[in-house]
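J.: sequence and predicted structure, then a few things I'm wondering about:
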Amino acid sequence: MAAVVAQSHFTFGLRAGVRNNLCFFDEQTVVFPCGNNCVCYNTVQRCQRFIPGSDKSQAMRALAISANRRYLAVSECGGKATITVFDLQHEQGRKRKVLTAGDLLVQEFVCMAFSPDSKYLIGQTGGPEWTLIFWLWEKQKVLATVKTSNTNNPVSQVSFNPHNNMQLCVSGTGVFKLFRYSEGALKQSSFPKVESINFLCHTWVTMERVIAGTDKGRLLVFESGELRREINMASKAVQEQSDRQVEMKKITDADVDEGPNVPRITAILSYSKGFACSLGSGTVCLFEKNEEDSYRRSREIRIPPDSYSNELTPAECQEIDTMCISPAEETLAISTDRGQLYSCSMSSVDINKDEHVHFEFLSQPFHSKSITGLSICIRKPLVATSSLDRSVRIWNYETKVLELYKEFQEEAYSVALHPTGLFILVGFSDKLRLMNLLIDDICTFKEFNVRGCRECAFSHGGHMFGAVNGNVIHIYSVTSFENIINLKGHNGKVRGIEWSLDDSRLVSCGMDGAVYEWSTQTGKRESESVLNSCSYTGVAFSSDCKTILAVGSDLTLKEIQDCQVLKEVPADEVAQTAVAVSHSGRVVFTGTSSGTIRAIKYPLPIQKEWIMYQGHCGPITKMVITFDEQFLLTVSEDGCLLMWKIVNKEGRGLKSNRQIIHTEEILATKSDLEEKTQNMLELKMRLEELQMENEYQLRLKDMNYNEKMKELSDKFSQQIESLKTTQQAMKTEMEKQEREHQESSAEVTVKHSKEMKDSELAYNQKLVVEHERFQDLHRKYERMQEDYEKQLKAAEESRKLATEELTQQYEAKLQEKTQILAQCQDDTQQQIREYKEIIRQVEEDEESMIRKITINYEKKLHTEKETNTNLNGEIALLTQKFYSLQKQINDRCADINKLKQERQRLLGLIRSLESDIEELKRQISGHEKTNQDKDKTISSLKKKNQELEKLKFVLNIQSNELKKQIEPQQDEISEKMERIHQLEQELVQIDRSNTQLKLTVSDLRLKLRTKDKEMHKEMLKVKDLETHLWRLKSDLHNCAGFIQEPKKLKDSVRVLYSHYVPLDDSVQKSNVDQDLQRVLCRQREYMEKTVNGLTARLAKSEEEHNKVYVNIMKENMTLITEINELRVELRSARTQAKEYKAQLATFKKSNKSRPNLEERSRQEPKHEGISPSPVALADL
């Protein structure tokens, strides 16, 4: 056995195709399947715990977690379908029970569910039986089974009513059934007609209400198993209809008419506020419950677009498989059909109600298809993987983080990391690309014409790399990018290559059964081993590079040296696909086609001795050991990257002889750096602006808050004063109440004392009477006791005499009975002997009879079995015919129903058309009568119209004359308006110049203030110097007193010198101060001159501005007066027009009464001219 052990450490990936493949264990831990394990992932601590699957498992079908979050049920199919229940509270996920279907032949369990109290479990088997099994799982007891569907209608989900352990729901294609467990059987409690609806999911919302989602994007509401209404997904308001027949017709019509592009509802989940459901690709809709017992579509959460994704496979086009919510309803998590995990905080959804909410990755973005390449480097803890999902990903196995990833337009077949971790080789179908690993991107900088490169590897020194093209191995220089050597010799495709530690040799294996060892300097083969019956899939050097280890299709691990196979380790029936050797040479790891990993001791044993670990659910494609021998990394066709911790049997990590120092250098392009620096500068500027704005806003807020504080303080002070007054009033009332209470209590105490005295006297008298009665009764009791003692003594004497007589009688009877018993025992022994002889004879006779009967019944059974097999075959044929005929009958019935509906619809149309025809005939007759009347009215109106046209001609002439008079006035108004506009522009320019002058004046004032401050400082300095001089004079006067004493004079002068002359640089300082004073004086004079000049200019500009303003005002006054005059004229013209219209109206009325008026109106224009006067019209 191997002394080195591998432990599951961390995994990157999700096993898709498992029903309910994501669930919460607690607020921070999720459970999901990966490979052949179930993983408990803590999202905060970023650690994982593994629950391995069974050894003989072929596939995992479904997961289910109990309501108390303690038990996990895993459905697996292999030789026999099983459900394994694990205890999640145990550290290693202890296996509790394994459930089977008993005598039923079951291939798989499609879906499962726990009861609300976690005592019962239901499992739905697959086709063709589709049987629902109901377990009391802790006792492994099947309580009931029922068939839920037929072969053509698969079941998608089963669930318990969360408020009732005995009620179940089953949904699928044309299936929606409610069952109730009673009297040891599952009985169907509802029979809705939903044969044409494909249900994908459902959830219990209340005790009787279930909401189900279909493949046509519809949400149907069932209550007590009956279809009641539909929730409209188009608008945010939920529209409901109570009439069930109309609703059923709408639903069935919609299911027939919907197109193939309708978004499917694949997952639905209920929570305290309502429910959430998936709507198409990458979208989750939240519905909240209203007061009217309906649901309102409140929010949408989407999967965000991936910046590294290409256009062919966008991230937002993923379909959601499973949804789950944490126990406290803080986090919503989903899994997709591309093997990705996302989560979203429900609190952020509630806060950001006006913004778009997006999901985030729960851990890291995973591969969604088979992983084809795996590589590590020396100087960094990085792992590179390539996959058929067209992506290349760079992982950090120390921090367990995805560092980089990029998706391409083509599938990536192979990958190799440079030892420095700065470059990467990726093989595509058309070319081999050498790329830089930048800080946030993977960029191509060299391409090689190597098509379909399935294997590539850098040398350990990093100066060369090998790439496989079919059966040829190309070796290139990394520095010059030249093809140094081409290694030719394989007859089949090369499946594996590896460099020796000194890069002088390279080993390769291929599908042709050949293992070659090449010299990288000469390109010649140094050794070879060919076995045509085996196609090799993996090859590796031993730790000392003296031997070669290879695995292939012949189910053995071979150790090859000098063209000979030294050892062969036979395996089981599973082929080994990959091999990796530890650098210390203690253990060899191999991967198999079933996804298991084997640890084999090195040197290789002769017998089958290894440790096997459950890892992946597909063939392992690549495996590698890190250079520090801490981790084993494996990838598989299931799209998972699994990290194994390599430890000894004591659980400690291996100590490597190599000292590997990981570097932190990264590559970055100059353009990226320049962009980032530019962004930094822009952000700094923006930050400064925001700081200024924030400071300004804070000041404003402080001002507002101070004002509010003052207002509040005033209010509170008023309230305090009012409360004080109320308190004083309350105190006075309290004092009054206390006085009253004291007075009343004093009165009550006096009354109570009087009553107590009276009651004491009464009770004393009663006690005397009772004491006398007690003495009389005591005397009577003593007399009675003496009488009873005498009677007891007499009774005891009589009892003794009676007992003696009875004992004598019963002893005589006992002697008689013993004699009778002895005789009976002898008789019973004789009868037992006779009975045994009779039983022996009867048994012999019955055995002979049973033999004869068994022979006869065996013959009958044989004949019955033969007839039964014949009948089963006939029944199978008849059932097939029955199902086909039933389908035909159903199809014909459906066609008949459709034709009946069409016939009824056409009959209704015919009746409606006949009624329309009759109504149209009536309308035509009415229209003919009205047309005659209208013809008469038209002829009369034509006459009136001719008269009005004549009068219109007269009025047009008058309006033209008025327009000629108004046009010159309008021209003057427009000119005045233009003049006003010019004057307004001049005013704006003058205002701008004034603002500029004000700014310059403010700047000069600030400068003057600074100069005044400097002058003040200089004046202070002068005062200090004057005080200094005064002190010096006083000290000199004191020294002059010591003229007669030279020593004292000398000491005093020294003291003066030390006090007033501290340094030699004082002269220079004084000179500098004088120069500064001169410069300040000059600047002050210059500033005063500039200020005087500016004030003079200001005064002039103000005078000019005032003059211009006065002129503008005068012109405005004149214009306003002219405009008012024009308005008066317009009003007068309008009044004239109104008068003319009134005259016209009177003219029309008079025209009806006077037919001869028409001749007069024609003659009058001829005599009077073109335009008649208003006086003439008035006469008319």
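T.: Yep, it's here.
J.: I'd like the next helix or strand past the host helix or strand of residue 865.
T.: Under the criterion of DSSP states H and E, residue 865 resides in helix 670-1040. Under the assignment DSSP H and E, the closest C-terminal helix or strand after helix 670-1040 is helix 1046-1060.
J.: next one: that following helix to chain centre, how far?
T.: 90 Å (Cα atoms, centre = their mean, to the nearest Å).
J.: which strands or helices does the very next helix or strand once past that helix pack on?
T.: The helix or strand immediately downstream of helix 1046-1060 is helix 1066-1153, counting by DSSP H and E. The contact analysis (3 or more Cβ pairs under 8 Å, 6 or more residues apart in numbering; DSSP states H and E) places helix 1066-1153 against helix 670-1040, helix 1157-1168, helix 1174-1179. Where C-beta positions appear, they are placed from N, C-alpha and C, glycine not excepted.
J.: please repeat the previous calculation with a cut-off of 6 Å.
T.: Where contact means 3 or more Cβ pairs under 6 Å, 6 or more residues apart in numbering; DSSP states H and E, helix 1066-1153 is packed against helix 670-1040.
J.: how distant is the helix it packs on from the center of its chain?
T.: 22 Å.
J.: that helix relative to helix 1046-1060, how many degrees between them?
T.: 160 degrees (axes from the mean of the first three to the mean of the last three Cα atoms, to 10 degrees).
J.: quick one: the strands in the stretch 251-400 of the chain?
T.: For the stretch 251-400 of the chain, the strands defined by DSSP state E, counting those that start in this stretch occupy 268-271, 274-278, 283-289, 295-302, 320-325, 331-336, 341-345, 357-358, 360-361, 371-376, 382-387, 391-396.
J.: can you say which of those strands is nearest to residue 749?
T.: strand 283-289 (66.2 Å; Cβ to Cβ).
J.: what does that closest one contact?
T.: Residues outside strand 283-289 that contact it (Cβ atoms under 6 Å, 6 or more residues apart in numbering) are 273-279, 295-302.
J.: kindly report the same for stretch 365-376.
T.: Applying Cβ under 6 Å, 6+ apart, the set of residues contacting stretch 365-376 is 12-14, 338-339, 383-389, 413-417, 622, 624, 626, 635, 637, 639.
J.: which residues of the stretch 1051-1180 of the chain score low on pLDDT?
T.: In the predicted model, the stretch 1051-1180 of the chain carries pLDDT under 70 at residues 1062-1073, 1076, 1151-1180.
J.: and if we set it to 50?
T.: 1065-1069, 1156-1180 (pLDDT under 50).
J.: same question for the chain.
T.: 1, 235-260, 312, 1065-1069, 1156-1180.
J.: got the domain ranges for it?
T.: Listed domain ranges for the chain are 190-233+261-367, 371-488, 669-699 (source: the TED database).
J.: next, count neighbours for residue 1045.
T.: When neighbours are counted by other Cβ atoms under 10 Å, residue 1045 registers 11.
J.: same question but for residue 919, I mixed them up
T.: For residue 919, the count of nearby residues is 10 (other Cβ under 10 Å).
J.: that one: what's it in contact with?
T.: Contacts for residue 919 were tallied using Cβ under 6 Å, 6+ apart; there are none.
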